[in-house]
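Undergrad: sequence and predicted structure below; questions after.
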Amino acid sequence: MSNILELKNINKIYGTTVKTQVLYDINLGFKEGSFNSIIGQSGSGKSTLMNIMGTLDTPTSGDVVVDGVITSGMRASQLASYRNRSIGFVFQFHYLLPEFTALENVLMPYRIGHKTVPKETTDRAKELMKLVGLEKVMNNNATQMSGGQQQRTAIARALLNQPKMILADEPTGNLDSLSTGTIYDLLRDINERFGTTFIIITHDRKIAEKADRIIEITDGRINMDLMKNN
(Lines give C-alpha, C1' and ligand atoms only; values in the text may rest on other atoms or scores of the structure.)
Protein backbone atom coordinates (compact mmCIF):
# COMPACT_ATOMS: atom_id res chain seq x y z
CA MET A 1 0.00 0.00 0.00
CA SER A 2 1.43 3.40 -0.99
CA ASN A 3 2.02 6.39 1.25
CA ILE A 4 -0.73 9.02 1.26
CA LEU A 5 1.57 11.43 3.13
CA GLU A 6 5.33 11.77 3.38
CA LEU A 7 7.40 14.20 5.43
CA LYS A 8 11.02 14.45 4.31
CA ASN A 9 13.63 16.13 6.52
CA ILE A 10 11.15 18.61 7.99
CA ASN A 11 12.55 21.43 10.08
CA LYS A 12 10.56 24.37 11.45
CA ILE A 13 12.13 27.54 12.85
CA TYR A 14 10.15 30.55 14.05
CA GLY A 15 11.57 34.06 14.26
CA THR A 16 14.36 35.89 12.45
CA THR A 17 16.38 37.82 15.04
CA VAL A 18 15.65 35.36 17.82
CA LYS A 19 15.20 31.94 16.27
CA THR A 20 13.29 29.11 17.92
CA GLN A 21 13.45 25.67 16.33
CA VAL A 22 10.28 23.65 16.91
CA LEU A 23 10.81 20.61 14.65
CA TYR A 24 14.08 18.80 13.89
CA ASP A 25 14.61 16.59 10.80
CA ILE A 26 11.23 14.87 10.88
CA ASN A 27 10.92 11.93 8.47
CA LEU A 28 7.57 10.12 8.43
CA GLY A 29 5.41 8.23 5.96
CA PHE A 30 1.74 7.32 6.40
CA LYS A 31 0.15 4.46 4.46
CA GLU A 32 -3.14 4.98 2.68
CA GLY A 33 -6.02 3.70 4.82
CA SER A 34 -3.97 3.61 8.03
CA PHE A 35 -5.09 4.76 11.50
CA ASN A 36 -2.35 6.66 13.31
CA SER A 37 -1.85 8.72 16.46
CA ILE A 38 0.76 11.34 17.28
CA ILE A 39 1.22 11.97 20.97
CA GLY A 40 3.19 14.61 22.82
CA GLN A 41 2.98 17.06 25.68
CA SER A 42 2.09 20.73 25.21
CA GLY A 43 5.00 22.46 23.48
CA SER A 44 6.37 19.24 21.99
CA GLY A 45 5.73 20.44 18.42
CA LYS A 46 2.86 18.09 17.57
CA SER A 47 0.38 20.82 16.58
CA THR A 48 3.03 22.53 14.43
CA LEU A 49 3.63 19.16 12.80
CA MET A 50 -0.08 18.76 12.10
CA ASN A 51 -0.30 22.21 10.53
CA ILE A 52 2.60 21.33 8.24
CA MET A 53 1.08 17.94 7.36
CA GLY A 54 -2.18 19.70 6.50
CA THR A 55 -0.38 22.39 4.44
CA LEU A 56 -1.75 25.06 6.79
CA ASP A 57 1.86 26.00 7.51
CA THR A 58 5.10 25.53 5.60
CA PRO A 59 8.33 23.98 6.87
CA THR A 60 11.51 26.04 7.06
CA SER A 61 13.17 23.21 5.14
CA GLY A 62 12.14 19.80 3.85
CA ASP A 63 9.32 18.50 1.66
CA VAL A 64 5.69 17.60 2.30
CA VAL A 65 4.34 15.10 -0.24
CA VAL A 66 0.56 14.54 -0.21
CA ASP A 67 -0.72 11.71 -2.42
CA GLY A 68 2.39 11.95 -4.58
CA VAL A 69 2.29 15.75 -4.96
CA ILE A 70 5.12 17.90 -3.55
CA THR A 71 3.24 20.82 -2.04
CA SER A 72 6.14 23.29 -1.80
CA GLY A 73 5.84 24.20 -5.47
CA MET A 74 2.15 25.10 -5.33
CA ARG A 75 0.80 28.67 -5.21
CA ALA A 76 -1.34 29.68 -2.23
CA SER A 77 -4.57 29.51 -4.24
CA GLN A 78 -3.67 26.08 -5.64
CA LEU A 79 -2.78 24.88 -2.17
CA ALA A 80 -6.06 26.09 -0.66
CA SER A 81 -8.06 24.36 -3.39
CA TYR A 82 -6.03 21.16 -3.08
CA ARG A 83 -6.35 21.17 0.69
CA ASN A 84 -10.13 21.66 0.58
CA ARG A 85 -10.43 18.78 -1.88
CA SER A 86 -7.96 16.30 -0.42
CA ILE A 87 -7.66 16.78 3.35
CA GLY A 88 -10.35 16.82 6.02
CA PHE A 89 -9.77 18.52 9.37
CA VAL A 90 -11.30 17.91 12.79
CA PHE A 91 -10.14 20.23 15.56
CA GLN A 92 -10.58 20.31 19.33
CA PHE A 93 -12.93 23.27 18.80
CA HIS A 94 -15.52 22.36 16.20
CA TYR A 95 -15.58 25.81 14.53
CA LEU A 96 -19.21 25.51 13.46
CA LEU A 97 -20.93 28.69 12.30
CA PRO A 98 -23.63 29.35 14.92
CA GLU A 99 -26.02 31.14 12.57
CA PHE A 100 -26.29 28.08 10.31
CA THR A 101 -27.93 24.71 10.82
CA ALA A 102 -25.91 21.54 11.31
CA LEU A 103 -26.63 20.49 7.72
CA GLU A 104 -25.59 23.90 6.35
CA ASN A 105 -22.34 23.65 8.32
CA VAL A 106 -21.63 20.23 6.82
CA LEU A 107 -22.12 21.69 3.33
CA MET A 108 -19.63 24.55 3.88
CA PRO A 109 -16.57 22.81 2.33
CA TYR A 110 -18.52 22.43 -0.92
CA ARG A 111 -19.86 25.98 -0.83
CA ILE A 112 -16.32 27.35 -0.62
CA GLY A 113 -15.66 26.47 -4.25
CA HIS A 114 -19.16 26.50 -5.74
CA LYS A 115 -21.99 29.00 -6.04
CA THR A 116 -24.78 26.46 -5.76
CA VAL A 117 -25.07 23.08 -4.10
CA PRO A 118 -26.55 20.31 -6.29
CA LYS A 119 -29.08 17.88 -4.89
CA GLU A 120 -26.64 14.97 -4.91
CA THR A 121 -24.24 16.91 -2.65
CA THR A 122 -27.05 17.82 -0.26
CA ASP A 123 -28.13 14.17 -0.26
CA ARG A 124 -24.56 13.13 0.54
CA ALA A 125 -24.45 15.62 3.44
CA LYS A 126 -27.69 14.14 4.78
CA GLU A 127 -26.26 10.63 4.50
CA LEU A 128 -23.19 11.75 6.44
CA MET A 129 -25.42 13.26 9.13
CA LYS A 130 -27.14 9.90 9.34
CA LEU A 131 -23.78 8.13 9.50
CA VAL A 132 -22.74 10.20 12.52
CA GLY A 133 -26.15 9.70 14.15
CA LEU A 134 -27.49 13.24 13.76
CA GLU A 135 -30.30 12.87 11.22
CA LYS A 136 -32.84 14.07 13.81
CA VAL A 137 -31.01 17.33 14.57
CA MET A 138 -29.60 18.23 11.14
CA ASN A 139 -31.87 21.31 10.96
CA ASN A 140 -30.87 22.55 14.42
CA ASN A 141 -28.55 25.51 14.70
CA ALA A 142 -25.11 24.66 16.06
CA THR A 143 -25.97 26.35 19.36
CA GLN A 144 -28.89 23.93 19.83
CA MET A 145 -26.66 20.84 20.01
CA SER A 146 -24.50 19.25 22.69
CA GLY A 147 -20.70 19.31 22.53
CA GLY A 148 -20.63 15.72 21.29
CA GLN A 149 -23.22 16.48 18.60
CA GLN A 150 -21.26 19.53 17.48
CA GLN A 151 -18.08 17.47 17.16
CA ARG A 152 -19.91 14.78 15.17
CA THR A 153 -21.18 17.54 12.86
CA ALA A 154 -17.57 18.65 12.39
CA ILE A 155 -16.62 15.07 11.46
CA ALA A 156 -19.41 14.92 8.87
CA ARG A 157 -18.21 18.26 7.48
CA ALA A 158 -14.65 16.90 7.18
CA LEU A 159 -15.97 13.96 5.14
CA LEU A 160 -18.11 15.93 2.68
CA ASN A 161 -15.52 16.27 -0.09
CA GLN A 162 -14.52 12.60 0.34
CA PRO A 163 -10.92 13.31 1.38
CA LYS A 164 -8.41 10.50 1.39
CA MET A 165 -6.94 11.77 4.66
CA ILE A 166 -8.33 13.31 7.85
CA LEU A 167 -6.18 15.14 10.38
CA ALA A 168 -7.72 15.36 13.83
CA ASP A 169 -6.15 17.70 16.40
CA GLU A 170 -7.29 16.79 19.94
CA PRO A 171 -10.74 15.80 18.57
CA THR A 172 -12.01 14.68 21.99
CA GLY A 173 -10.21 17.30 24.08
CA ASN A 174 -13.40 19.12 25.11
CA LEU A 175 -15.61 16.05 25.60
CA ASP A 176 -16.55 13.87 28.54
CA SER A 177 -15.43 10.24 28.67
CA LEU A 178 -18.67 8.85 27.19
CA SER A 179 -18.62 11.26 24.24
CA THR A 180 -14.90 10.61 23.79
CA GLY A 181 -15.57 6.89 23.35
CA THR A 182 -18.39 7.60 20.89
CA ILE A 183 -16.23 9.90 18.76
CA TYR A 184 -13.32 7.45 18.72
CA ASP A 185 -15.59 4.57 17.66
CA LEU A 186 -17.02 6.78 14.90
CA LEU A 187 -13.57 7.63 13.55
CA ARG A 188 -12.65 3.94 13.53
CA ASP A 189 -15.85 3.06 11.70
CA ILE A 190 -15.17 5.69 9.02
CA ASN A 191 -11.60 4.41 8.64
CA GLU A 192 -12.79 0.84 8.11
CA ARG A 193 -15.81 1.70 5.97
CA PHE A 194 -14.22 4.19 3.57
CA GLY A 195 -10.50 3.44 3.88
CA THR A 196 -9.88 7.03 4.98
CA THR A 197 -6.44 7.63 6.45
CA PHE A 198 -6.56 9.10 9.96
CA ILE A 199 -3.81 10.93 11.83
CA ILE A 200 -4.95 11.86 15.34
CA ILE A 201 -2.95 14.38 17.35
CA THR A 202 -3.48 13.98 21.08
CA HIS A 203 -1.89 14.32 24.51
CA ASP A 204 -4.19 11.53 25.81
CA ARG A 205 -2.18 8.33 25.85
CA LYS A 206 -5.32 6.21 26.30
CA ILE A 207 -6.67 7.52 22.99
CA ALA A 208 -3.30 7.24 21.26
CA GLU A 209 -2.86 3.61 22.27
CA LYS A 210 -6.08 2.64 20.46
CA ALA A 211 -4.51 3.51 17.11
CA ASP A 212 -2.63 1.00 14.95
CA ARG A 213 0.49 3.17 15.07
CA ILE A 214 1.72 5.48 17.82
CA ILE A 215 4.26 8.22 17.14
CA GLU A 216 5.58 10.22 20.09
CA ILE A 217 7.05 13.68 19.63
CA THR A 218 9.36 15.07 22.31
CA ASP A 219 10.99 18.51 21.98
CA GLY A 220 10.41 18.54 18.23
CA ARG A 221 11.91 15.12 17.56
CA ILE A 222 10.45 11.66 17.02
CA ASN A 223 10.96 9.84 20.30
CA MET A 224 8.96 6.70 19.43
CA ASP A 225 7.36 5.19 16.34
CA LEU A 226 5.50 2.01 17.26
CA MET A 227 3.44 -0.12 14.86
CA LYS A 228 1.06 -2.36 16.76
CA ASN A 229 0.38 -5.94 15.71
CA ASN A 230 -3.30 -6.55 14.86
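TA: Okay, I see it. Numbers count the residues shown, from 1 in each chain.
Undergrad: and the longest helix seen in the chain, average pLDDT?
TA: Taking DSSP state H as the criterion, the chain has its longest helix at helix 177-194. What helix 177-194 shows for mean pLDDT is 80.
Undergrad: the most centrally placed residue in the chain: which element?
TA: By CA atoms, centre = their mean, the chain has its centre lying nearest to residue 167, at 1.7 Å. Assigned by DSSP states H and E, residue 167 belongs to strand 165-169.
Undergrad: next, count neighbours for residue 203.
TA: If you count neighbours by other CB atoms under 10 Å, residue 203 ends up with 14. For glycine as for every other residue, the C-beta is placed from the backbone atoms N, C-alpha and C.
Undergrad: so who does it touch?
TA: Listed by CB atoms under 8 Å, 6 or more residues apart in numbering, the contact partners of residue 203 are 39-42, 46, 170.
Undergrad: ditto for residue 65
TA: 3, 5-8, 71.
Undergrad: sorry, back to before: would you confirm that the residue nearest to the centre of the chain contacts residue 86?
TA: No: the criterion here is CB atoms under 8 Å, and residue 167 misses it with residue 86 at 11.1 Å.
Undergrad: any common contacting residues for those two?
TA: Contact criterion CB under 8 Å, 6+ apart; residues shared by residue 167 and residue 86: none found.
Undergrad: quick one, which of the contacts of residue 203 are buried?
TA: 39-40, 46, 170 (16 or more other CB atoms under 10 Å).
Undergrad: can I get those in JSON lines with pLDDT, distance to residue 110 and secondary structure?
TA: Output for these, formatted as JSON lines (pLDDT from 0 to 100; distance: CB to CB, whole Å; DSSP: H, G, I helix; E, B strand; the rest coil):
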{"residue": "39", "pLDDT": "91", "distance to residue 110": "33", "secondary structure": "strand"}
{"residue": "40", "pLDDT": "88", "distance to residue 110": "33", "secondary structure": "coil"}
{"residue": "46", "pLDDT": "88", "distance to residue 110": "30", "secondary structure": "helix"}
{"residue": "170", "pLDDT": "79", "distance to residue 110": "26", "secondary structure": "coil"}
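Undergrad: wasn't residue 5 part of a helix?
TA: No: assignment of residue 5 by DSSP: H, G, I helix; E, B strand; the rest coil gives strand, placing it outside any helix.
Undergrad: what bridges to it?
TA: Assessed by DSSP bridges, residue 5 has beta-bridge partners residue 30, residue 66.
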